[in-house]
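Participant: Model the structure of this input:
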Amino acid sequence: MEVGADDFLIKPYRSTDVVRVLSDGLARLNYPPPEVDDQIVIPVRVNGIPPFVSVVVAAGTGGPSDIHQFFQSIDKRCPAEFFFVQHGPD
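Facilitator: Sure thing, here's the model as predicted:
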């Protein structure tokens, strides 16, 4: 959450939890966009193919500190979207 996560669900979760997280996320669509450094590098299409746009990161229960360190190392101007999945016990 410290490095930009919107929300998370802990297993086992109820359908009302999912609805709450989605509702909160949709409400944030109306917030003004964050200030952005004007030196963001815009990726260039190669042969009409869109540039790399997303990264999925997964970790087991032993990896939270490594994942935190990983996200801290990402340049804030990186144009990729990051999706994080952590497998928890049970």
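
Participant: If you average pLDDT per helix and strand, which one of the chain comes out bottom?
Facilitator: helix 64-73 (a mean of 78; mean pLDDT, DSSP states H and E).

Participant: tell me which residues in the helix or strand just after that helix are buried?
Facilitator: Next helix or strand after helix 64-73 toward the C-terminus (DSSP states H and E): strand 81-86. Neighbour counts using 16 or more other C-beta atoms under 10 Å place residue 84 of strand 81-86 among the buried residues. From N, CA and C alone the C-beta is placed, and that goes for glycine too.

Participant: for stretch 59-76, same thing?
Facilitator: By 16+ other C-beta under 10 Å, the buried positions in stretch 59-76 come out as 59, 67.

Participant: gap between that stretch and the chain center?
Facilitator: Taking C-alpha atoms, centre = their mean, to the nearest Å, one finds stretch 59-76 lying 12 Å from the centre of the chain it belongs to.

Participant: end-to-end on it?
Facilitator: With C-alpha to C-alpha, to the nearest Å as the measure, stretch 59-76 spans 22 Å from end to end.

Participant: Same question for stretch 59-68.
Facilitator: 11 Å.

Participant: for the chain, longest helix please?
Facilitator: Ordering each helix of the chain by length in residues (DSSP state H) puts helix 15-27 first.

Participant: Let me know the average pLDDT across that helix.
Facilitator: For helix 15-27, the mean pLDDT works out to 85.

Participant: name the helices or strands packed onto that helix?
Facilitator: Helices and strands touching helix 15-27, by 3 or more C-beta pairs under 8 Å, 6 or more residues apart in numbering; DSSP states H and E: there are none.

Participant: Would you agree residue 12 falls within a helix?
Facilitator: No: going by DSSP: H, G, I helix; E, B strand; the rest coil, the assignment for residue 12 is coil, not a helix.
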